[in-house]
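Student: give me the fold of what follows.
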Amino acid sequence: MAYDIVVMNNAVIEQAGKTRDVFDAPKTAFVARFLGSHNVIALAEGRVAVRSDALRLGTPEGAKLQGKITNIEYQGTHVALTATVAGAQEVTALLSERDFFGAAKDLGEAVGLNWEGRDAHALSA
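Tutor: Below is the predicted model of the structure:
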């Protein structure tokens, strides 16, 4: 990748900056989705972007999001787990092979999803 990046949507700059900064902290839902590997999550306080590899699984009680597992895809070194959460939103958690199989989950199982506060980026649009 380039040192600097400009992400445009319909000939309008959505975000520009150092590649890593834009990837790590997208400012709009378009940028988060365009770059991939981000979940755009609607919360009571607004929409946030959280990278798939920053989501952690736990029990539904006390979790930031509660969901139901709808897809499990083994990808070699990691497992992509998709869950449907409030408002029929889908989120994807990217778990290491060790983390997933250390406490394997099943389709349809209820799950809690959490992340560190620094991993959620408020979106302006």
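Student: which strand in this structure runs the most residues?
Tutor: strand 65-74 (DSSP state E).
Student: name the next helix or strand following that strand along the chain.
Tutor: strand 78-85 (DSSP states H and E).
Student: what residues sit buried inside the longest strand of the chain?
Tutor: 65, 66, 67, 69, 72 (16 or more other C-beta atoms under 10 Å). Where C-beta positions appear, they are placed from N, C-alpha and C, glycine not excepted.
Student: what angle separates that strand from strand 78-85?
Tutor: Interaxial angle, strand 65-74 versus strand 78-85 (axes from the mean of the first three to the mean of the last three C-alpha atoms, to 10 degrees): 150 degrees.
Student: who does strand 65-74 pair up with?
Tutor: Strand 65-74 has these partner strands in its sheet, going by DSSP bridges: strand 78-85 (antiparallel), strand 110-114 (antiparallel).
Student: average model confidence for the helix or strand following the shortest one?
Tutor: The one in question is strand 110-114. Following strand 110-114 in sequence order, the next helix or strand is strand 120-122 (DSSP H and E). If you average the pLDDT over strand 120-122, you get 95.
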